[in-house]
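Peer 1: Build the 3D model from these lines:
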Amino acid sequence: MDVEPIATKSQVSIWSSLKFVAWSMVGIRSRKGYQDDLARVNPIHLVVVGLVSVLLMVVGLIGLVHWVVAK
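Peer 2: Numbering: from 1, shown residues only. Next up is the predicted model:
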């Protein structure tokens, strides 16, 4: 019986890193799902997506505060 790997390096994409970061920010993820994603994710993609996500969240919160205070 042949067993295929979960994901090869060519199948790991920025999209999987984005999903991993999004699940981490929400904070609801099963341990098995977390470990499976962690085994497949590219560390460089993870750092880039994490930094961009945090930057967008901070800019969004600043924009929301300015909008609320302006009213």
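Peer 1: Could you list the low-pLDDT ranges of the protein?
Peer 2: Along the chain, segments meeting pLDDT under 70 span 1-12.
Peer 1: Can you show me the helices along it?
Peer 2: Remark: helices assigned in the chain by DSSP state H are 14-26, 31-40, 43-70.
Peer 1: now the angle from the shortest one to helix 43-70?
Peer 2: Relative orientation of helix 31-40 versus helix 43-70 (axes from the mean of the first three to the mean of the last three C-alpha atoms, to 10 degrees): 120 degrees.
Peer 1: Does anything pack onto helix 31-40? Which helices or strands?
Peer 2: helix 14-26 (3 or more C-beta pairs under 8 Å, 6 or more residues apart in numbering; DSSP states H and E). C-beta coordinates here come from the backbone N, C-alpha and C atoms, glycine included.
Peer 1: buried set for the helix it packs on?
Peer 2: Ser16, Ser17, Leu18, Phe20, Val21, Ser24 (16 or more other C-beta atoms under 10 Å).
Peer 1: Check stretch 46-55 too.
Peer 2: Leu46, Val49, Gly50, Ser53.
Peer 1: Reformat the buried residues of helix 14-26 as TSV; add distance to Asp37.
Peer 2: TSV is the format used below for the buried residues of helix 14-26 (distance: C-beta to C-beta, whole Å):
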residue	distance to Asp37
Ser16	7
Ser17	9
Leu18	11
Phe20	5
Val21	10
Ser24	9
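Peer 1: which pair in the buried residues of stretch 46-55 spans the largest distance?
Peer 2: The most widely separated members of the buried residues of stretch 46-55, counting by C-beta to C-beta, are Leu46 and Ser53 (10.4 Å).
Peer 1: where do the contact lists of the two overlap?
Peer 2: Residues touching both Leu46 and Ser53 (C-beta atoms under 8 Å, 6 or more residues apart in numbering) are Val21.
Peer 1: quick one: contacts for the residue most central in space within the chain?
Peer 2: Centroid-nearest residue in the chain: Val21, 1.8 Å away (criterion: C-alpha atoms, centre = their mean). Going by C-beta under 8 Å, 6+ apart, Val21 touches Leu46, Val49, Gly50, Ser53.
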